[in-house]
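>>> the amino acid sequence is not available; the structure is as follows:
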């Protein structure tokens, strides 16, 4: 059974940093384009960014609200996806999900508040 | 880029079929065969029901089907069941970006 398990969510002050992880299993992680998507409380889904598989260049793309502050990386040897979040703002408060084309994780909550 | 456009609500009786639309532009929905549909029950993580316009992940019943014409994609749910009541989001690849629709709340009457 395919599993995506996010971790690392926490309460952090504005201006702070946080690193989220996503552990993948039961599919060929190195072949997958991986995405981060977030959902603010009571709101819809918002695409955060993605990282392509290495044979497609392994490059990253980001949504405008997070570009320059968030960085996505991957470790194909450990089937891990990461989201480094810097200069956090209150509007970054959301549940963060890692996803592939066909699967979602259960999400991890990030709360940015003083 | 703006979000994809979905109707805020849709409804149908058990056993009926309902179709939800998702309208974008030639730069997203119309330009790529990478449209997905996601089901979300209250308090739960989303679940992919359709990807690449019309493919179903393992375990998704064939009552769910997807299609696309021009800049509009559609999700059809046939043989409505009570558990189909949820919010449905479409998403599309959009070049160096990806977009979601605002979500459609499907009510089973």
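Right, received. Where do you want to start? Since we're looking at a predicted model, the values are computed, not measured.

>>> leaving out sequence neighbours, find the closest residue to residue A:48.
Counting by CB to CB, 6 or more residues apart in numbering or on different chains, residue A:48 lies nearest to residue A:36, which is 4.1 Å off, once chain neighbours are set aside. For the C-beta atoms, the positions are set from N, CA and C on the backbone; glycine is no exception.

>>> pull up the pairing partners for the helix or strand that contains that neighbour, direction included.
According to DSSP states H and E, residue A:36 maps onto strand A:34-39. Next to strand A:34-39 in the sheet, as set by DSSP bridges, lie strand A:45-51 (antiparallel), strand A:94-99 (antiparallel).

>>> can you redo these as a markdown table with distance to residue B:49?
What follows is those, written out as a markdown table (distance: least, CB to CB, whole Å):
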| stretch | distance to residue B:49 |
| --- | --- |
| strand A:45-51 | 14 |
| strand A:94-99 | 13 |
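
>>> assumed residue B:44 was part of a strand.
No: Residue B:44 is assigned coil when assessed by DSSP: H, G, I helix; E, B strand; the rest coil, not a strand.

>>> contacting residues around the nearest residue to residue A:99 once chain neighbours are set aside?
Excluding the flanking residues, the one nearest residue A:99 by CB to CB, 6+ apart is residue A:35, at 4.8 Å. By CB atoms under 8 Å, 6 or more residues apart in numbering or on different chains, the contact set of residue A:35 is A:47-50, A:98-100, B:98.

>>> can you tell me how far the residue nearest to residue A:48 sits from residue B:61?
Distance, residue A:36 to residue B:61, by CB to CB, to the nearest Å: 28 Å.

>>> compare those two (neighbour count), which wins?
Using other CB atoms under 10 Å in any protein chain shown as the criterion, residue A:36 and residue B:61 rank with residue A:36 on top: 27 against 12.

>>> which residues does that one form beta bridges with?
Going by DSSP bridges, residue A:36 forms beta bridges with residue A:49, residue A:98.

>>> for it, give its distance to residue B:71.
Distance from residue A:36 to residue B:71, counting by CB to CB: 26 Å.

>>> now residue A:75
Note on residue A:75: its distance to residue B:71, by CB to CB, is 38 Å.

>>> for chain B, what lies in contact range of chain A?
B:3, B:36, B:38, B:40, B:45-48, B:51-52, B:55, B:57, B:89, B:91, B:96-103 (CB under 8 Å from any CB of the partner chain).

>>> just the pLDDT for the residue nearest the centre of chain A.
Nearest residue to the geometric centre of chain A (CA atoms, centre = their mean): residue A:36, 3.5 Å. pLDDT for residue A:36: 98.

>>> I figured it hits residue A:85, correct?
No: using CB atoms under 8 Å as the test, residue A:36 is too far from residue A:85 to be in contact (9.6 Å).

>>> between the two, which contacts overlap?
Residues touching both residue A:36 and residue A:85 (CB under 8 Å, 6+ apart): A:20, A:70.
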